[in-house]
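K.L.:
sequence first, predicted model second:
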Amino acid sequence: MMILGPNMNFDGFLIMILLIMFGPSILLTIIGALVYKKYKKAAKVLFILAVVYVIISLGICGALIAGI
C-alpha cells in the first residue's frame with residue numbers, strides 16, 4: 001500500500017498551514033484597525049499580539065515545513 005503516491009495533491013494542506021500561520025494575525029490586525037479610533041490602547045495591544053503571533057507561527061510552522 002502506497003501512502004504517498006506520486007500523483008497526490010497537497011494544495012489544501014498548504015493552504016491550511018498558511019491560514020494557521022497568518023489567519024489569526026490578519027484577524028487581530030483588522031480588529032485593531034476597527035477599534036483604533038475609540039480604544040487606542042487596546043488597538044495597540046492587538047497590533048502587538050498580531051506581530052508576536054506572526055513571529056512565533058513563522059518560527060514553528062516554518063521549522064515544520066523546512067523539516068528542521
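P.N.:
It's in.

K.L.:
C-alpha from now on. contacts and neighbour counts both.
P.N.:
Noted.

K.L.:
helices or strands up against the longest helix belonging to the chain?
P.N.:
Secondary structure of the chain read by DSSP state H shows that its longest helix is helix 40-66. Contact analysis of helix 40-66 by 3 or more CA pairs under 8 Å, 6 or more residues apart in numbering; DSSP states H and E lists helix 11-34 as its packing neighbours.

K.L.:
what comes up buried for the helix it packs on?
P.N.:
17, 21, 23, 25-26, 28-30, 32 (16 or more other CA atoms under 10 Å).

K.L.:
want to throw these into CSV with pLDDT and distance to residue 57?
P.N.:
Below are the buried residues of helix 11-34 laid out as CSV (pLDDT from 0 to 100; distance: CA to CA, whole Å):
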residue, pLDDT, distance to residue 57
17, 83, 10
21, 85, 5
23, 93, 10
25, 94, 10
26, 95, 13
28, 95, 14
29, 96, 15
30, 96, 18
32, 95, 19
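
K.L.:
just put those residues in TSV and tack on distance to residue 48.
P.N.:
As requested, these are arranged in TSV below (distance: CA to CA, whole Å):
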residue	distance to residue 48
17	22
21	16
23	15
25	10
26	12
28	9
29	9
30	13
32	10
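
K.L.:
just curious, which of the residues you listed is nearest to residue 6?
P.N.:
residue 17 (21.2 Å; CA to CA).

K.L.:
what's the angle between the helix or strand of the chain with the lowest mean pLDDT and helix 11-34?
P.N.:
The helix or strand of the chain with the poorest confidence is helix 40-66; it has a mean of 87 (mean pLDDT, DSSP states H and E). Relative orientation of helix 40-66 and helix 11-34, computed by axes from the mean of the first three to the mean of the last three CA atoms, to 10 degrees: 170 degrees.
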